[in-house]
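Novice: Sequence and predicted model, in that order:
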Amino acid sequence: MITGDPQQDIHPQAGSPRRRVLAAAALAPALAAAAPAPARALGPARVPASAPPGTSRHGLIKPVHTTQSDWASVAAHLGGLGDMKQKTMYHTGFPRRDLRVVSDRVTVKPALALGSHVAFVRYEDGSSLVMGDLVVTEHELQRFCDTLHKHRLAVTALHKHLLAQRPSVWWLHVHGHGHDPAHLARGLRAAFDGTGTPLPLPPGIENPVDLDTDGVEEALGAKGSVDGEIFKCIFVRRERITDGDLVLPPGLGSTTALNFQPLGDGRAAVSGDCAMIAEEVQKVLAALRRAGAELVELHNHGLTDEPRLFFVHFWAVGDAVRLARALRPAMDATNVIAAG
């Protein structure tokens, strides 16, 4: 699993209490209309004695289609509207526009490697799953974890996406499961409130980027998209991925992503993340090094995924098309297909 002058990316007080109050007030009608259900214990779902229609004979519970309106209470608590992906995932992004992070002499745009994301999925037993990848500073880290635990949200990974950086930033993967998605969203909002994370912005319009995007797409064999002046190519695992007894929609917690930040003259900084099963790991690491990429972190995102997935974050700077061509063998060493 993919903005102009760096100084313009900085929005002091973007996550201030006054802005959160205004956002909550604007979304209050949606919140009032959603009557919260009692929260249940979090963790992998178990099939009830009378399994709902569509539950597989192996006891796996499948996701169901939802619309944006089904997540009104979640949007109200998170402080902004998200978007739907594949008709099953309600996704909200929280790019850290408040931070100016420099790594390898590159001022990192929020969409390159500083974007917190959470996704909610509804299941046939009426429960909801939330999974997220969240960006915090080292100063914010411990309090952030404490708040998540207080609201019974699990931390499943703690790692880096970048090598040396200023200021020091960490990435956390979070997991929550229960019958009250508003309860899960309240826990996330409480954790965000202890950081400088700005409120989410509505999905924007794609603008051209200063890269040979056709050449990158041809080299990788994948269509890309633009997010905040970053060009992204996303791949998903071909296998069915499960989390406990829950079937995950394709791409949730299991994407391979290559993000290209233009640096001028056809050059780009690439921040990537490769999803692998155990037998693919060494092939991918070797392929990335042959491509000239620097390895950043090898880790897991989840605790109960099946098949067990490993992820490697990597970094490279150079001509965008040549880098894409050099990185293609790492993608080909895994069982993935281009998203979309």
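Specialist: Great, that's in hand.
Novice: All the helices of the stretch 101-250 of the chain, residue numbers only.
Specialist: Using DSSP state H, counting those that start in this stretch, the helices of the stretch 101-250 of the chain run over 110-113, 138-150, 181-193, 213-220.
Novice: Adding mean pLDDT, write these out as CSV.
Specialist: Formatted as CSV, these follow (pLDDT from 0 to 100):
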stretch, mean pLDDT
helix 110-113, 95
helix 138-150, 98
helix 181-193, 98
helix 213-220, 98
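Novice: Please identify the deepest-packed of those.
Specialist: Among these, helix 110-113 has the highest mean neighbour count (mean count of other CB atoms under 10 Å), at a mean of 26. Heads up, the C-betas are built off the backbone N, CA and C, glycines and all.
Novice: Using PDB, write out the CA atom coordinates for that helix.
Specialist: The C-alpha coordinates for helix 110-113 follow below in PDB (Å, rounded to 0.1, in the frame of the first residue of the first chain):
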ATOM      1  CA  PRO A 110       2.500  15.800   3.600                       C
ATOM      2  CA  ALA A 111       1.100  13.400   0.900                       C
ATOM      3  CA  LEU A 112       4.600  11.800   0.400                       C
ATOM      4  CA  ALA A 113       5.000  10.300   3.800                       C
END
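Novice: still on that earlier bit, output the helices of the stretch 101-250 of the chain in CSV, with distance to R289 appended to each entry.
Specialist: Putting the helices of the stretch 101-250 of the chain into CSV (distance: least, CB to CB, whole Å) gives the following:
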stretch, distance to R289
helix 110-113, 20
helix 138-150, 28
helix 181-193, 36
helix 213-220, 18
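Novice: Nearest approach to N335 belongs to which of those?
Specialist: helix 213-220 (16.1 Å; CB to CB).
Novice: Report all helices and strands that the closest one contacts.
Specialist: If contacts are counted by 3 or more CB pairs under 8 Å, 6 or more residues apart in numbering; DSSP states H and E, helix 213-220 sits against strand 224-227, strand 230-237, helix 320-332.
Novice: V121: which of those is closest?
Specialist: From the helices and strands packed on helix 213-220, taking CB to CB, the stretch that ends up closest is strand 230-237, at 14.9 Å.
Novice: contacting residues around the closest one?
Specialist: 1-2, 109, 111-112, 209, 211, 213, 216-217, 220, 222-226, 250-251, 254-262, 268, 275, 309, 320, 324, 331, 334-340 (CB atoms under 8 Å, 6 or more residues apart in numbering).
Novice: mind checking how far it is from the chain centre?
Specialist: With CA atoms, centre = their mean, to the nearest Å as the basis, the distance from the averaged C-alpha position of strand 230-237 to the chain average is 12 Å.
Novice: Same question for stretch 284-297.
Specialist: With CA atoms, centre = their mean, you get 22 Å for stretch 284-297.
Novice: And the strands in the stretch 1-150 of the chain, which stretches?
Specialist: Here the stretch 1-150 of the chain has its strands, by DSSP state E, counting those that start in this stretch, at 83-85, 89-95, 101-103, 106-108, 115-122, 128-137.
Novice: Next, the buried residues of stretch 161-172.
Specialist: Neighbour-count burial for stretch 161-172 flags H161, L162, Q165, V169, W170, W171, L172 (criterion: 16 or more other CB atoms under 10 Å).
Novice: how much distance is there from that stretch to the middle of the chain?
Specialist: 16 Å.
Novice: now the strands of the stretch 1-150 of the chain as JSON lines including mean pLDDT and distance to H299?
Specialist: Putting those into JSON lines (pLDDT from 0 to 100; distance: least, CB to CB, whole Å) gives the following:
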{"stretch": "strand 83-85", "mean pLDDT": "94", "distance to H299": "24"}
{"stretch": "strand 89-95", "mean pLDDT": "96", "distance to H299": "21"}
{"stretch": "strand 101-103", "mean pLDDT": "96", "distance to H299": "18"}
{"stretch": "strand 106-108", "mean pLDDT": "97", "distance to H299": "20"}
{"stretch": "strand 115-122", "mean pLDDT": "96", "distance to H299": "17"}
{"stretch": "strand 128-137", "mean pLDDT": "98", "distance to H299": "12"}
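Novice: Kindly reformat these as JSON lines containing distance to A76.
Specialist: Conversion of the strands of the stretch 1-150 of the chain to JSON lines gives the following (distance: least, CB to CB, whole Å):
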{"stretch": "strand 83-85", "distance to A76": "16"}
{"stretch": "strand 89-95", "distance to A76": "12"}
{"stretch": "strand 101-103", "distance to A76": "30"}
{"stretch": "strand 106-108", "distance to A76": "31"}
{"stretch": "strand 115-122", "distance to A76": "13"}
{"stretch": "strand 128-137", "distance to A76": "15"}
